[in-house]
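[1] Predicted model and sequence follow; I will ask about them next.
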Amino acid sequence: MANFIDRRLNSKNKSTVNRQRFIRRYKSQIKKSVSDAINKRGVTDVDKGEDIVIPSKDLSEPIFHQGKGGIKDQVHPGNDQFIEGDRIPKPTGQQGNGAGKGDASNSGEGSDDFSFSISKEEYLNLLFEDLELPNLEKNQLDKLVEYKTVRSGFCAQGVPANIDIVKSLQGSIARRIAMTSTKRKQLKEAEQALNDLRKDTHDHIKEERELISKIALLKEKISKVPFIDTFDMKFRNFSRQAVPSSRAVMFCLMDVSGSMDQATKDIAKRFYILLYLFLTRTYKTIEVVYIRHHTQAKEVDEQEFFYSQETGGTIASSALELMVKIVNERYSNNWNIYGAQASDGDNWADDSPYCHKLLLEKILPKARYFSYIEITQRAHQTLWQQYQQVADTQAHFAMRHIKSVDDIYPVFRDLFKKSTVQAA
Amino acid sequence: MAQCKPLDDNSEWTFDKLNLYQTEIARVAEHYRLDTYTNQIEVITTEQMMDAYASVGMPIGYNHWTFGKKFIQTEQTYKRGHMGLAYEIVINSNPCISYLMEENTMTMQALVMAHACYGHNSFFKSNYLFKTWTDADSIIDYQLFAKNYIAKCEHKFGISEVEATLDACHALMNHGVDRYKRPQKISLDEELKRQKERETYLQSQVNTIWRTMPDSKTKPTDTSASFPSEPQENILYFIEKNAPLLKPWQREIVRIVRKTSQYFYPQKQTQVMNEGWACFWHYTIINHLFDEGLVTEKFMLEFLHSHTSVVAQPDYNSPYYSGINPYALGFNMFIDIRRICEHPTDEDKLWFPEIAGSNWLDTLHFAMENFKDESFISQYLSPKLMRDFKLFHIHDDEHNDYVEIAAIHNEKGYKKIRESLSNQYNLSNLEVNIQVIDANIAGDRSLTLRHTPHQGIPLGDSTDEVLKHLHYLWQFDIKLVQPDNNGVDEVIASCPQTNKKKDEKT
C-alpha cells in the first residue's frame, strides 16, 4: 500500500523563481536598503552580499480581519487561581486579556522588520542597475607591461660576475680527460712493459732506460694540459621577458569645498566603486589613494574623504600636484595608475590653465587612464573648458558632466571604448 | 499476544527498514479499519522541506512573490535556529503524498509514517468535509494546470498584470468559499477543455448582464429589484461571474485562487480533529507494535519522548503558551472518547449516554467521519477533560475596564466552557462576515458590501487596502456598509476614498 520515492537528489531550489519575484516586487525597498548600505561600506568592500531590511508593514498582505474591540470570549488551559465571577482589571494603555498573558489573536501583526540576505551578484546588480552595464565579462583593461629578467641557460661569453663555477669546472674536467686520454693510455702501456721487464730474470738495462725516459716524457706532457682554459668558461645567461603588471593604484580626487554636498559625494562614491570594481577584474593588487582638496590638498582615509566637510575656495591643481608627488614617491615603478577626479566644477579661474598643464605634462604620460566627472546643475566653468582641450588631444582622458546617478555609466563607456582589448 | 522477533531498532534508517516498518504499520492500521489512499512516501532534504513550506506543502504551485517571501522567512528563521522544521508534510491527494525528512531517525520515520500515512491519510479519505470539499484525485492535476495557465498568462500579459490580479485575489481568498454547493470533480484534460469554453461563455454572459444597462435610461427602472437578488458571501465567485471589465484570463485566475482556497477550507475547519486523529493513531499503532514485541524498549523511549513533546499543553501563564495546542486537545479528546467507551464513569454515562460502553472503534470512526472541530468539541468534550486541562473562560467586553472569568472547570461551568471552546473553532465567528449585497447594474455600477460584525467586533485596519484590491477587480466604486445600532446601513469604507480626496484638495 505504499511506494517509497527518494527525492533527495531532485533539485532543491524550487523556490528560486518565487524568490526572484519577491526581489522584483520589493525592488524599490531593497534598492533603498542597498543605497543605505553603500554609505556604510567602503569603496573596496565589494566582495560580499548585503543584509536587507524591509519594514514588515510594507510586506503585509491585507485581508479582511477582525480588529480590536467588541466582545471576545476565550478559553484557556491551566486555571490555577480563578473562580467564576473573578474580575481582572485590564492593563491600562493596552489591550490585553489580563493576568499578564498576551492577546491570543491570530491576526499575525508582527512588528519585526523583515530581513534577509542577498548575494554579492544580486547586490551589485541592484547597485548598478540603472547603469545598464553591458557585457562586462568580455572586456579587459589594458595593462602596463613591465619587464622581468629571467635565467635562460648558459653561454660562452659574459662578464666574470656571471661565471658559473660548477659548469666551468665540469667543462674543464671534460676537456682535460679528452686531451690526455691517448697519452695516459701510452703511459699505462709503458709502465706495464717496464714492470714486465723488471720481473724478467734477464737484464734489459737499455730497454728499461728507454721506457723510463718515455714514461717521464708522457707524465710531463699530461701535466702540461692546462687545468682551466677560456674554452671551459660557462656564463649564466639572462634574458628579458615582458610581464603585464598586476598592480594598480587608483587615485580618487575630490573637491570637498563647501559647495559639494553629501548627495554629490554619494554620486562620486558610486563612480569610485564602479571604477574599483573594474580594476579588481584586471589587477591582483589595487591600492586606493584618496586625495581631497579645497585650496590645499591632503591625502586622507576613506572615512574622512567622504564624510568630512570643509569650506573655503577651490584650487584643483593642489590635488593634481599632490598626486604627482605621491606617484613619484610611491608608484613610479610599474604601477598602473588610474585617476578619477570628481568636482562640482568650481575652481579658481587662474588655476585652471595650470591644471591643464599638470595633467598634460605630468600625469597623463604616466597614467593608464584619467577620468574627470563634473557633478553640477550649473554652467561649466574654466576647469571644464581647460579639461576639454585635454580631452580633445588625449585618448586616455575622459570627462563627463553628471547630473544624476544615471549619468555615471557613459563615462565608463568612454573608458572601455578607448582602452580595452577584447578578451577572447 | 504472541511475541515476535523485534525489528531492527538501530536509529539509522534504510529504505529496506522503512519498508519493513511500513508493512507492520499498515497491517495494524488495517486491523483498526483505517481506510487510506495509497501512500506515496517521499524522502526529502531540509532544503526541499523549506521549499515545501513555502508552497503550503503543495508539490507544484504557481509562481508568486508571496511564496518567495515565505521561503525567505522560513530559511532565515531556520538558519538562525529559531525554528525547527516539521518532521513531515502530508498532502491530501490520491495517492496521498507524504514527505519524510532525511534527518529523522528510524523511530521518527516510523512515528511519522503512522501519523501521516495512516492517521492524516485516513482522515482525508473519510471525513465528510474533505469528501465534500476536496477532490484528492484531481488536486495535483489542477495545481499543474494552474501553474501552467498562470505562466502562460505571464508570458502573454506581463508579470506585473498577473501579479496585481493575484494580489487582489489573495486579499479576498478567505471569501472565496462556496459553502453550499458541492464542487465538481474533473480531471486535468477536462479542466483544460472546459477552461477554453468557459472563457468565451463567461465573457458573453457578463456582456449580457451589462448590455441591459442602456435600456434603463429610457424605461423607468424598478429600483426595488436589486442584483444580486440575495446577498452573496462568495465574493470571489461573484467577481468571477459578474465583474464588468475583467478580462477572460483574469476571471480564470480568480477561479484558480478560489479553487485553491476551497481546497484548503476543510483543513482550516478540522485542525484539532485532524491532528488529534493522527496523533491518536500513531500512539495506538506504535503501542500495538510494542505489545506484539515488534519494537524494542529503546525504540519506545525515543518514540514517547517525541510524542509527549508534540501533545504537550503549556498552561496559560507559561512562557511557552500560545493558545490551545490542537495536537494536545485533539489527541486527548480521542483518547478520552475511547476511555468513555471502554471504562465509563457515572458522570460519563450521564453526559454521553449514547457512547458510554459502546464499541470504541466504531464510535471513533463515526466521530472522525461526521464532525468538524466546532461540532466535534461541542459533542465530545467531556467534563473530565475540562478538569484535566483546567479550562477557564474569559469574557472580555470592550466597554468594561476589566475582564471577567465567565466559567471555570466546575459543574456549573462545563457547558459554558464547552460551548465557548466550540465557538472558538467556529470559522464563521473567526472570519469576518462580509457579503455582496448590491451591484448597481443600472446606475454607476458601484458594488456594495455589507459587514455584519460578530459580537460587536469591528473590522481590522487593513480594510482600506483590501477594498483597493477589490476595486482593482471590479473597477468601479466599492462601498462597504455596516449596520449601525438601529440596524440602518452606514458606509464605513469606500474605494476610491471620496472623503479623503476632498481633504487633499482643500
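    The structure has been received and is ready for your questions.

[2] Need the three-state assignment for the residue of chain B found nearest chain A.
    Distances between chain B and chain A by C-beta to the nearest C-beta are smallest at B:D315, namely 2.5 Å. Bear in mind the C-beta positions are built from the backbone N, C-alpha and C, glycine included. Secondary structure state of B:D315, per DSSP: H, G, I helix; E, B strand; the rest coil, is coil.

[3] Would you quantify the distance from the residue lying closest to it once chain neighbours are set aside to B:Y320?
    Spatial nearest neighbour of B:D315, excluding adjacent residues (C-beta to C-beta, 6 or more residues apart in numbering or on different chains): A:G78 at 2.5 Å. Separation of A:G78 from B:Y320 (C-beta to C-beta, to the nearest Å): 11 Å.

[4] In terms of neighbours, single out the busier of these two.
    Using other C-beta atoms under 10 Å in any protein chain shown as the criterion, A:G78 and B:Y320 rank with A:G78 on top: 15 against 9.

[5] Looks to me like B:V254 is in a helix.
    Yes - with three-state DSSP as the criterion, B:V254 is part of a helix.

[6] Quick check, pLDDT for the closest residue to it other than its chain neighbours.
    For B:V254, ignoring the flanking residues on the chain, the nearest one in space by C-beta to C-beta, 6+ apart is B:E240 at 4.4 Å. Looking at B:E240, its pLDDT is 89.

[7] Next, the contact list for B:E240, please.
    Applying C-beta atoms under 8 Å, 6 or more residues apart in numbering or on different chains to B:E240 gives the contacts B:202, B:246, B:251, B:254-255, B:258.

[8] Within the helices and strands, which one has it?
    Using DSSP states H and E, B:E240 sits in helix B:235-242.

[9] Now that helix: buried residues?
    B:235-242 (16 or more other C-beta atoms under 10 Å in any protein chain shown).

[10] Adding distance to B:T38 as columns, could you present those in JSON lines?
    Formatted as JSON lines, those follow (distance: C-beta to C-beta, whole Å):
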{"residue": "B:I235", "distance to B:T38": "37"}
{"residue": "B:L236", "distance to B:T38": "33"}
{"residue": "B:Y237", "distance to B:T38": "33"}
{"residue": "B:F238", "distance to B:T38": "38"}
{"residue": "B:I239", "distance to B:T38": "38"}
{"residue": "B:E240", "distance to B:T38": "34"}
{"residue": "B:K241", "distance to B:T38": "37"}
{"residue": "B:N242", "distance to B:T38": "41"}
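
[11] With respect to A:Y372, which of these is nearest?
    Minimum distance to A:Y372 across those is 59.2 Å, recorded for B:I239 (C-beta to C-beta).

[12] Look up how far chain B lies from A:A193.
    91 Å (C-beta to the nearest C-beta, to the nearest Å).

[13] any idea which residue sits dead centre in chain B?
    B:K268 (2.3 Å; C-alpha atoms, centre = their mean).

[14] Does that residue touch B:S428 like I think?
    No - the criterion here is C-beta atoms under 8 Å, and B:K268 misses it with B:S428 at 11.5 Å.

[15] that older thread, which residues do A:G78 and B:Y320 both contact?
    Common neighbours of A:G78 and B:Y320 (criterion: C-beta under 8 Å, 6+ apart): B:P314.

[16] B:A110 versus A:H76, what's the distance?
    For A:H76 relative to B:A110 (C-beta to C-beta), the value is 34 Å.

[17] Show me which of those two is the more surrounded one.
    Neighbours were counted for A:H76 and for B:A110 using other C-beta under 10 Å; B:A110 has more, 29 against 23.

[18] Any idea how far the helix or strand the more buried one falls within is from the middle of the chain?
    Assigned by DSSP H and E, B:A110 belongs to helix B:106-112. Taking C-alpha atoms, centre = their mean, to the nearest Å, one finds helix B:106-112 lying 26 Å from the centre of the chain it belongs to.

[19] Can you report phi and psi for A:L253?
    The phi and psi values for A:L253, taken as degrees, to the nearest 10, are phi -110, psi 130.

[20] what about it, how many residues close to it?
    Quick note: A:L253 (other C-beta under 10 Å) scores 25 neighbours.

[21] ok, now which ones touch it?
    Counting by C-beta under 8 Å, 6+ apart, A:L253 makes contact with A:291-293, A:319-320, A:323, A:339-343.

[22] export those to a markdown table and tack on distance to chain B?
    What follows is those, written out as a markdown table (distance: C-beta to the nearest C-beta, whole Å):
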| residue | distance to chain B |
| --- | --- |
| A:I291 | 42 |
| A:R292 | 40 |
| A:H293 | 45 |
| A:A319 | 45 |
| A:L320 | 49 |
| A:M323 | 46 |
| A:G339 | 42 |
| A:A340 | 37 |
| A:Q341 | 41 |
| A:A342 | 37 |
| A:S343 | 41 |
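
[23] Please produce a markdown table containing those, extended by pLDDT and distance to A:R7.
    Output for the contacts of A:L253, formatted as a markdown table (pLDDT from 0 to 100; distance: C-beta to C-beta, whole Å):
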| residue | pLDDT | distance to A:R7 |
| --- | --- | --- |
| A:I291 | 89 | 59 |
| A:R292 | 85 | 59 |
| A:H293 | 85 | 63 |
| A:A319 | 88 | 63 |
| A:L320 | 88 | 65 |
| A:M323 | 90 | 61 |
| A:G339 | 86 | 57 |
| A:A340 | 86 | 53 |
| A:Q341 | 87 | 58 |
| A:A342 | 85 | 55 |
| A:S343 | 84 | 60 |
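
[24] Narrow these to those in strands?
    With strands defined by DSSP state E, the entries of the contacts of A:L253 inside them are A:291-293, A:339-343.

[25] Dump these into a markdown table; add neighbour count as well.
    Below are those laid out as a markdown table (neighbours: other C-beta atoms under 10 Å in any protein chain shown):
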| residue | neighbour count |
| --- | --- |
| A:I291 | 22 |
| A:R292 | 23 |
| A:H293 | 26 |
| A:G339 | 28 |
| A:A340 | 24 |
| A:Q341 | 27 |
| A:A342 | 22 |
| A:S343 | 28 |
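
[26] Quick check, B:N440 in contact with B:S446.
    Yes - using C-beta under 8 Å, B:N440 is in contact with B:S446, at 4.9 Å.

[27] near chain A, which residues of the stretch 51-200 of chain B show up?
    By C-beta under 8 Å from any C-beta of the partner chain, the residues of the stretch 51-200 of chain B that approach chain A are B:51, B:54-55, B:63-69, B:71-73, B:75-76, B:95, B:99, B:102, B:117, B:159, B:163, B:167, B:170-175.

[28] which ones among these are found in helices?
    Judged by DSSP state H, helices contain the following of these: B:51, B:54, B:65-69, B:71-73, B:75-76, B:159, B:163, B:167, B:170-171.

[29] how about the strands in the stretch 301-424 of chain A?
    A:336-343, A:369-375, A:397-402, A:420-422 (DSSP state E, counting those that start in this stretch).

[30] can you tell me which of these the model trusts least?
    Across the strands of the stretch 301-424 of chain A, strand A:420-422 gives the lowest mean pLDDT, at a mean of 42.

[31] on contacts alone, who are the packing partners of the helix or strand hosting B:F124?
    Applying DSSP H and E as the criterion places B:F124 in helix B:121-126. If contacts are counted by 3 or more C-beta pairs under 8 Å, 6 or more residues apart in numbering or on different chains; DSSP states H and E, helix B:121-126 sits against strand B:96-101, helix B:128-133, helix B:271-291, helix B:360-370.
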